[in-house]
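> have a look; sequence and predicted model below, questions after that.
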Amino acid sequence: MRMGEVRSGLEVFLEGETEAARRFRGARAGLVTNPTGVDRRLQSTVDLLARGSVVQLQALFGPEHGVRGASQAGEEVASETDPRTGLPVYSLYGKTRRPTPEMLEGLDVILFDLQDAGCRYYTYLYTLSYLLEAAARYGLPVVVLDRPNPLGGLVTEGNILDLRFRSFVGDRAIPIRTGLTVGELARLFAAEISGAAVDLTVVPMAGWRREMWYDDTGLPFVMPSPNLPTLESLTLYPGTCLFEGTSFSEGRGTTRPFEIVGAPGIDPYEWADRLNELELPGVRFRPVWFVPTFSKHQGQLCGGVQVHIVERRAVRAVDVGVHMLATARRLFPQFEWRKPGQEGRPPFIDLLAGGDGLRRRLDAGEPAEALLGEWEKEAETFAERAREFQLYH
């Protein structure tokens, strides 16, 4: 197939010719999805499956931001009745983040159709992980309808998470930029679950290749969450999301989240100059002023930088993010690490970074290059291990 002819796992499943479609035809099904669950005509997975031509849809399950994608980051999502279909909607980002026996009662299979961000921080991965654990415990089959890694499948970046720092922004020993599709990650997660085996089926995409970024696929782009509106923001997210663990705004409340970063009292020209002197591949930094409309520093004038992508395939977002942290830590007394949300918990930066090494070493004044060199070796180790779970070449 040529570029632009990719069919998602959803579309392949609905054609009815796969083993999964034949096995579960007429089955009572639950569906984990959100607005990214669409076909190429932008018809939602909910509406398509509710027609009953393949499965009998019985319940919906929502990740962070909810089935309809209306909730902001970190907001607890309530269970409800879906106003369009009348189906029960069970929140997996509310009172519980794990499916309960009551939620799964009466189901023959549960389908998963979500577009992830290709990044360890993204909570949809742990919604999937918890679902697989529950399915193994209760003997329920899971079908993952695969979608592209929006950043392609050739590059892996960042350290492997230290399991002492597990959280819902990092619950598996994977690197920051995974290089795997959500279906491939499901295969890896399932293989690591101890005890009962997972009855997992992944419906692969047709036509996807590892060198493809999302805009190479011909599939319509639906933002995977409210603050990742563009492929540019997704490209930088594996690095600039680390600023969520600091006193600096990561650009939430602007029209360019994760591309704009800064804080009140910052000299944007000084920061941009120091960053551009590093000549990081694929990016340039422009000084900016901005006023967030919500989130950190709401209504306050901030100085900072906008990261401009000039050669996408050369960008190593994790390197960009760590160098930005290192220069901000060195230049600006306003820079602080975000305090733990609960007593006894690690600082949030340690949860995002998958360990305390980033924070400790930058505080000690170590150069970013030393840390990033070690992280590169960890990413290479993971990439080698992950090959057995790959579905596309």
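Right, received. Where do you want to start?

> in this protein, which spans are strands?
28-33, 56-62, 80-81, 88-91, 109-113, 142-145, 200-203, 260-263, 283-290, 302-309 (DSSP state E).

> now for the last one, which elements pack on it?
When you say that, I think you mean strand 302-309. Applying 3 or more C-beta pairs under 8 Å, 6 or more residues apart in numbering; DSSP states H and E, one finds that strand 302-309 makes contact with helix 231-240, strand 260-263, helix 268-277, strand 283-290, helix 317-331. Glycine gets a C-beta too; all of them are placed from N, C-alpha and C.

> again with the fourth one
In this structure, strand 88-91 packs against strand 56-62, strand 80-81, with contacts taken as 3+ C-beta pairs under 8 Å, 6+ apart.

> any residues touching it, and which ones?
With C-beta atoms under 8 Å, 6 or more residues apart in numbering as the test, strand 88-91 has contacts from 59-62, 66-67, 76-82, 99, 103.

> closest to Leu14 among those residues?
Leu60 (17.3 Å; C-beta to C-beta).

> now that closest one: how far from Leu104?
13 Å (C-beta to C-beta, to the nearest Å).

> cool, and Thr217?
Noted for Thr217: a distance of 32 Å to Leu104, by C-beta to C-beta.

> and those two? which has more neighbours close in?
Per other C-beta atoms under 10 Å, whichever of Thr217 and Leu104 has more neighbours is Thr217, with 23 against 20.

> neighbours around the closest residue to that one other than its chain neighbours, how many?
Excluding the flanking residues, the one nearest Thr217 by C-beta to C-beta, 6 or more residues apart in numbering is Val6, at 4.0 Å. By the measure other C-beta under 10 Å, the count of residues near Val6 is 22.

> same question for Leu280.
Count around Leu280 with other C-beta under 10 Å applied: 20.

> which ones are touching the closest residue to it other than its chain neighbours?
Of all residues not flanking Leu280 in the chain, Val320 sits nearest, at 5.7 Å (C-beta to C-beta, 6+ apart). By C-beta under 8 Å, 6+ apart, the contact set of Val320 is Leu236, Gly239, Thr240, Leu280, Val283, Val307.

> equivalent analysis for Phe258, please.
Asn227, Leu228, Ser233, Leu236, Tyr237, Thr240, Cys241, Glu250, Gly251.

> neighbours of Arg23, how many?
Arg23 sits with 13 neighbouring residues when counted by other C-beta under 10 Å.

> what distance do you get for it to Leu114?
For Arg23, the distance to Leu114 - C-beta to C-beta - is 21 Å.

> same check, this time on Gly158
22 Å.

> run a quick neighbour tally on Arg120.
Applying other C-beta under 10 Å, we find 28 residues neighbouring Arg120.

> which residue packs closest to it, ignoring adjacent ones?
Distances taken as C-beta to C-beta, 6+ apart put Ile176 closest to Arg120, at 5.0 Å, once the chain neighbours are dropped.

> which one, of the helices and strands packed on strand 88-91, ends up nearest to Ala27?
strand 56-62 (6.7 Å).

> could I get the closest one in PDB with only the CA atoms?
Provided in PDB are the C-alpha atoms of strand 56-62 (Å, rounded to 0.1, in the frame of the first residue of the first chain):
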ATOM      1  CA  GLN A  56     -24.200  -6.200  20.600                       C
ATOM      2  CA  LEU A  57     -23.000  -3.100  22.400                       C
ATOM      3  CA  GLN A  58     -24.000  -3.200  26.100                       C
ATOM      4  CA  ALA A  59     -21.800  -0.600  27.900                       C
ATOM      5  CA  LEU A  60     -19.200   2.100  27.400                       C
ATOM      6  CA  PHE A  61     -16.100   2.800  29.400                       C
ATOM      7  CA  GLY A  62     -14.300   6.100  29.500                       C
END
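
> state the mean pLDDT of it.
Confidence over strand 56-62 (mean pLDDT, whole number) is 95.

> going along the chain, name the helices of the stretch 1-150 of the chain.
9-14, 19-23, 45-50, 101-104, 124-138 (DSSP state H, counting those that start in this stretch).
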